[in-house]
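>>> when you get a sec, could you give me coordinates for this:
(2 chains)
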Amino acid sequence: MSQFLEQIINGLVLGGIYALIAVGYTMVYGIIQLINFAHGEIFMFGAYFAFLCVTTFGLSFWFALPLSMSLCALMGMLIDFVAYRPLRNAPRLSALITAIGMSLVLQNLARLIWGARWRKFPAEATPALLTGNAISLPGGAQVSFLDIFIILLAVGLMIGLNRLIYLTKIGKAMRACAQNRVAANLMGIDTNRVITVTFAIGSALGAVAGVMVGLREVTEPAMGYYKGVAAFAAAVLGGIGNITGAMFGGVILGVAEALGAGYISSEYRLAIAYIIMILVIIFRPSGLLGKSTTTRA
Amino acid sequence: MKNRARSTVLLVICVVTFVMIMGFSLAGCENRNEIKIAVAGPFTGSVAAFGEMIKRGAELKAKEINAAGGVNGKTLTLLFEDDTGKEKEAGLVAQRIAGNRQILAVVGHFNSACSLAGKPIYQRAGIVELSPGSTNIKVCEGSDWTFRNLYRDDFQGAFVAKYIKNVLGENQKVVIFFDNDDYGRGLKDGFTEVAEQLGLEIIATEAYDRDNTDFKAQLTSIKAKHPHLIFISGLYSQAGLIASQAREAGITAQLFGADGVDSPDFLEIAGDAAEGTYVSTPFVFELGGPEAQRMAMAFEEAYGIAPDTWAALTYDAVGMIVEAIEKGGENRKAIRDHLASINSPEKGYTGITGLTYFDENGDCAKPAYVKIVENGRFVPAAEQMLGME
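Numbers count the residues shown, from 1 in each chain, chains lettered A, B, ... in the order given. Here you go, the predicted model:
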């Protein structure tokens, strides 16, 4: 029983991280129908920014996290401005290929700057709050403070994002753009600004996930690819374009991965998670919460 | 009109032929005072720390050879080819090397999966592949062109199993945690077979994927089984994370890694969690002869860090190829024939890592050692089991 609870928590941590990345994919897709493959790389840069802040510049972790978020937000906006905006009215395939190219460029840029070596977050730079020993839950399960922190942070940010989208003016503008970008523009919404803000928010959330993975696991140039693909799968599972769907997709995928590895076979850990995704897609082609719409001509 | 077109075509053909002949003869000129061999390994990617040591080990040997007058009076040039530790990339690299006639031999690849991917390509092209790091049983099988200068995983697996039984105690409950690739799987099989014969209790076998960095799910199920020892059949980067995540999860079992864990970067990634970990390895500098100590000093002087096992084995591999060129001849076939003729201890090549000679497969019998992490450093374990077959 305690093992089951521990596996669920492992899954929730993983799911929280996937969800944080997945909303970045899904928000951008919702508005400009672009799968931003470079998003995984923003996540990776987020981890590196925080790593550099605490090692090279000796900043405190609590300062490094928001700094990394802001830098990634800037980076997301810059990528949109440089790579995607000129192609806004080009065929979708051109933008998609540009996104793949951007992802490769950024990944190799990171390899060039920081090398291919794995970087472990220095133990002395990790805040004392998060290094505490495992705490015991009723039933004998043990959880680390860091894992609880990641789950709480992910939940908090998801609620925050939800409020932002449903209660603020910019959120309303984002929803309007997602429904119909041309009509939103005609109604006087500055769609380019909305897109920029979307990129900024998605990238900042990706950066949080990056910092958490750097803290819990490791920072390396290819991390964005592996976690990015899983998060993208989570976004598809939840219904791409749907933010709540991305959150649930992430959690489902994470928990499936942990339980699959724990109880079925560790050799097929990822396969099990993806089989669940494929099954969902077979029965609900537009994902769990995605709306089935006909493609606009 | 027709005539003019024909003469234009003729002219073009003449020019192209002329340029090609000039080009080849120029390349030939350049070739005359240069000997080229390729060094293929993971210079980037998740196991780049191996590649870094391989590169430096090879460079140091080449520098020493050139300082001593070169190969038959010609300059030895190394071409480094990056296979990123992935078999797909290794296949491409192998094709590129095989197609370049100026390259006389290959030192590499490092990862077993990469050596296996390159093997048929090198065999078809007829160029020697001498691996300083691949230990999978099948690496040298079925090709006359593939050799290696270290033990195989059936030997290493048996060695680790015997070491655990003889040194760490009889009634060990062991969990195997293996990297799901050629190296990790092969070594796991070699270990399991002998461990069961020796009566070690293997209570679980878990796998992980090379691309993954989160091992908590597997470690949670490992923890529930309360093992005495976890044998990590994989590479240093994942092993480092496994060590730190295992300690975080509250697992106190003894950790034992295979030679894939033998890299200074393991200590860096695992941090304090590395303490007390055993690793098996094909070479330990502290137990090597005076030549090994001299090489270690030269290496530290050149690069500012101590060499690791793989730098030493690559250093020797380059030495063997050069000897084969000098004694055999300056072509691909002569190098292979010379290496194949090194088939007894008397004819063996004595390098810093000991005596190397090949069996009919291209494999060689070399000893294994054990290191332990003490105060953040690898040191030779107090108990060694040399001379064990």
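
>>> which residues touch residue B:377?
By CB atoms under 8 Å, 6 or more residues apart in numbering or on different chains, residue B:377 lies in contact with residue B:267. Bear in mind the C-beta positions are built from the backbone N, C-alpha and C, glycine included.

>>> how close does it sit to residue B:282?
19 Å (CB to CB, to the nearest Å).

>>> the closest residue to residue A:239 other than its chain neighbours: what secondary structure?
Nearest residue to residue A:239, sequence neighbours excluded (CB to CB, 6 or more residues apart in numbering or on different chains): residue A:290, at 2.4 Å. Classification of residue A:290 by DSSP: H, G, I helix; E, B strand; the rest coil places it in coil.

>>> and what of residue B:382?
coil.

>>> ok, it - how many residues close by?
The tally of other residues near residue B:382 (other CB atoms under 10 Å in any protein chain shown) stands at 8.

>>> what about the helices in the stretch 101-250 of chain A?
For the stretch 101-250 of chain A, the helices defined by DSSP state H, counting those that start in this stretch occupy A:128-131, A:145-167, A:169-179, A:181-186, A:191-216, A:223-238, A:243-259.

>>> CSV for these, including mean pLDDT, mean neighbour count and distance to chain B?
Supplementary listing: those in CSV, determined by pLDDT from 0 to 100; neighbours: other CB atoms under 10 Å in any protein chain shown; distance: least, CB to the nearest CB, whole Å:
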stretch, mean pLDDT, mean neighbour count, distance to chain B
helix A:128-131, 78, 12, 9
helix A:145-167, 94, 16, 8
helix A:169-179, 94, 17, 32
helix A:181-186, 92, 14, 36
helix A:191-216, 96, 25, 7
helix A:223-238, 93, 26, 5
helix A:243-259, 94, 26, 4
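
>>> so which of those helices is nearest residue A:49?
Counting by CB to CB, residue A:49 lies closest to helix A:191-216 out of the helices of the stretch 101-250 of chain A; the figure is 7.1 Å.

>>> centre of the chain to the closest one, how far?
7 Å (CA atoms, centre = their mean, to the nearest Å).

>>> what angle separates it from helix A:169-179?
Interaxial angle, helix A:191-216 versus helix A:169-179 (axes from the mean of the first three to the mean of the last three CA atoms, to 10 degrees): 100 degrees.

>>> tell me the strands beside the host helix or strand of residue B:379, with direction?
Assigned by DSSP states H and E, residue B:379 falls within strand B:377-380. The strands beside strand B:377-380 in its sheet (DSSP bridges) come out as strand B:369-374 (antiparallel).

>>> beta partners for the nearest residue to residue B:277 once chain neighbours are set aside?
Leaving aside its chain neighbours, residue B:277 sits nearest to residue B:255 (4.3 Å; criterion: CB to CB, 6+ apart). Here residue B:255 sits in beta bridges with residue B:230, going by DSSP bridges.

>>> in stretch B:184-195, which residues are buried?
B:184-192, B:194-195 (16 or more other CB atoms under 10 Å in any protein chain shown).

>>> could I get the residues you listed as a markdown table with pLDDT?
Listed next are those as a markdown table, based on pLDDT from 0 to 100:
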| residue | pLDDT |
| --- | --- |
| B:184 | 95 |
| B:185 | 94 |
| B:186 | 94 |
| B:187 | 95 |
| B:188 | 96 |
| B:189 | 95 |
| B:190 | 94 |
| B:191 | 96 |
| B:192 | 95 |
| B:194 | 94 |
| B:195 | 94 |
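
>>> with that, I have no additional questions.
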